[in-house]
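A.B. asks: got a structure for you, letters missing:
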Ligand SMILES: NC(=O)c1ccc[n+]([C@@H]2O[C@H](COP(=O)([O-])OP(=O)(O)OC[C@H]3O[C@@H](n4cnc5c(N)ncnc54)[C@H](OP(=O)(O)O)[C@@H]3O)[C@@H](O)[C@H]2O)c1
């Protein structure tokens with residue numbers, strides 16, 4: 001199966017490329033500057049040239065705070081580009097896999113969000129991603145949108161790598177204690193994505209639509225940071241001694257984030273038999289892999 005992957009230099013894109021061989025897929029990865037997904041002519045030309053059977057869009061504007069000041073760019077990449085991509089896929093009869101975020105929710109719920117819960121983003125990033133979802137749904141039937149959360153992997157920038165860097169330099173850091181969610185490994189998410197791609201390839205009865213996928217279990221950013229250090233201290237030397245839990249009010253971040261954004265992943269289990277994995281165990285696998293592959 002020939003797959004065109006956009007955003008292949010991102011943390012998720014890289015892992016999808018990495019795992020595609022094991023699944024036996026031919027995958028062409030493209031990213032900036034070779035392909036700008038907001039340039040519909042470039043996208044049309046690459047699809048015409050490569051003739052994929054499926055497109056995976058892992059390209060996105062992902063800076064949550066940056067989107068508050070680069071609003072136009074965030075909407076072009078996260079709202080308008082998926083719309084053009086979905087239109088092109090619809091014209092060519094190609095299914096599209098796309099990614100969205102837990103930040104489409106406002107965090108007022110007290111238990112994990114289902115796909116059917118109303119979205120009401122608190123920040124520009126979440127709003128731009130939500131409008132991208134809406135555009136895909138209204139244009140292309142054959143789509144899968146994965147909503148995921150707190151993504152990290154061995155490649156690219158993420159919270160785990162930031163914490164490890166700080167843990168080597170500082171004895172003490174402050175981490176937010178009052179925002180809860182589910183860390184998700186790109187390794188696990190890629191496996192889930194490519195499992196569904198296999199089902200699409202085998203023309204199994206596909207229930208198109210939106211699916212939640214995140215690590216199993218819920219923690220705060222503070223709990224996540226503590227787990228990172230607890231695991232890493234057995235593998236590398238860290239200076240960190242104290243991880244101080246602080247309220248989000250103590251940080252002057254540009255974007256407001258939901259207090260609670262864990263996702264309910266029952267739907268993907270029901271329709272595709274895909275089970276989520278313990279966020280702590282997946283974190284352990286990632287940190288070991290990070291140090292072994294360096
Ligand atoms: N990271 C998270 O915690 C998180 C949480 C929930 C959902 N998600 C979603 O999951 C997906 C993958 O996220 P990720 O963490 O892998 O993101 P990422 O590491 O930031 O990767 C995104 C990739 O897209 C590229 N890109 C940006 N604008 C582009 C454009 N106009 N044309 C082509 N490529 C462009 C980026 O290039 P540059 O780096 O050069 O800009 C980068 O290589 C996204 O849809 C994201 O919204 C992420």
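C.D. replies: Sure, I can see it. These numbers come from a predicted model, not from an experiment.
A.B. asks: For the one helix or strand residue 5 maps to, name the packing helices and strands.
C.D. replies: In this assignment (DSSP states H and E), residue 5 forms part of strand 2-6. Identification of packing neighbours for strand 2-6 by 3 or more CB pairs under 8 Å, 6 or more residues apart in numbering; DSSP states H and E yields helix 11-20, strand 26-30, helix 40-50, strand 54-57. All C-beta atoms are positioned from the backbone trio N, CA, C, and that covers glycine.
A.B. asks: which parts of the stretch 51-200 of the chain sit against the ligand?
C.D. replies: Residues of the stretch 51-200 of the chain lying close to the ligand (CB under 6 Å from any ligand atom) are 58-62, 77, 99, 101, 129, 148-151, 156.
A.B. asks: Only whichever of these are buried, select them in ChimeraX.
C.D. replies: Command for ChimeraX, covering only those of these found buried under the criterion 16 or more other CB atoms under 10 Å:
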select :58,59,60,61,62,77,99,101,129,148,149,150,151,156
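A.B. asks: quick revisit: among the helices and strands packed on strand 2-6, show me which one is buried the most.
C.D. replies: strand 54-57 (a mean of 25; mean count of other CB atoms under 10 Å).
A.B. asks: contacting residues for residue 143?
C.D. replies: Contacts here follow CB atoms under 8 Å, 6 or more residues apart in numbering; on that basis residue 143 touches 86, 89, 95, 96, 97, 98, 136, 137, 208, 209.
A.B. asks: try it again with 7 Å
C.D. replies: 86, 95, 96, 98, 136, 208 (CB atoms under 7 Å, 6 or more residues apart in numbering).
A.B. asks: Closest to the ligand out of the residues you listed?
C.D. replies: Of all the contacts of residue 143, the ligand sits closest to residue 98, with 7.2 Å by CB to the nearest ligand atom.
A.B. asks: thought that closest one was touching residue 81?
C.D. replies: No - if you go by CB atoms under 7 Å, residue 98 and residue 81 don't touch, sitting 10.3 Å apart.
A.B. asks: These two - which one has more neighbours?
C.D. replies: More crowded of residue 98 and residue 81, by other CB atoms under 10 Å: residue 98, with 27 against 24.
A.B. asks: so what's the backbone phi/psi at the more buried one?
C.D. replies: For residue 98, the backbone dihedrals are phi -140, psi 160 (criterion: degrees, to the nearest 10).
A.B. asks: for the one 5 residues further on, same thing?
C.D. replies: The main-chain torsion angles of residue 103 are listed as degrees, to the nearest 10 and equal phi -80, psi 10.
A.B. asks: cool, residue 109 as well?
C.D. replies: According to degrees, to the nearest 10, residue 109 has phi -70, psi 160.
A.B. asks: what about it, neighbour count?
C.D. replies: For residue 109, the neighbour count with other CB under 10 Å is 17.
A.B. asks: can you tell me which residues contact the nearest residue to residue 160 once chain neighbours are set aside?
C.D. replies: Excluding its sequence neighbours, the residue lying closest to residue 160 (CB to CB, 6 or more residues apart in numbering) is residue 152, at 4.4 Å. Neighbouring residues of residue 152 by CB under 7 Å, 6+ apart: 158, 159, 160, 183, 185, 186, 286.
A.B. asks: how many other residues sit next to the residue lying closest to the fifth one once chain neighbours are set aside?
C.D. replies: Distances taken as CB to CB, 6+ apart put residue 282 closest to residue 185, at 4.0 Å, once the chain neighbours are dropped. Around residue 282 sit 23 other residues, with neighbours defined as other CB under 10 Å.
A.B. asks: for residue 206, same thing?
C.D. replies: Residue 206: 15 surrounding residues under other CB under 10 Å.
A.B. asks: you'd agree it is up against residue 196?
C.D. replies: No - at 8.0 Å, residue 206 does not count as touching residue 196 under the criterion of CB under 7 Å.
A.B. asks: quick one: low-confidence parts of this protein?
C.D. replies: Within the chain, the stretches with pLDDT under 70 are 294.
A.B. asks: State which one residue of it is found closest to the ligand.
C.D. replies: Closest point on the chain to the ligand, by CB to the nearest ligand atom, is residue 10, at 2.0 Å.
A.B. asks: ok, now how distant is that residue from residue 96?
C.D. replies: Using CB to CB, to the nearest Å, residue 10 is found at 17 Å from residue 96.
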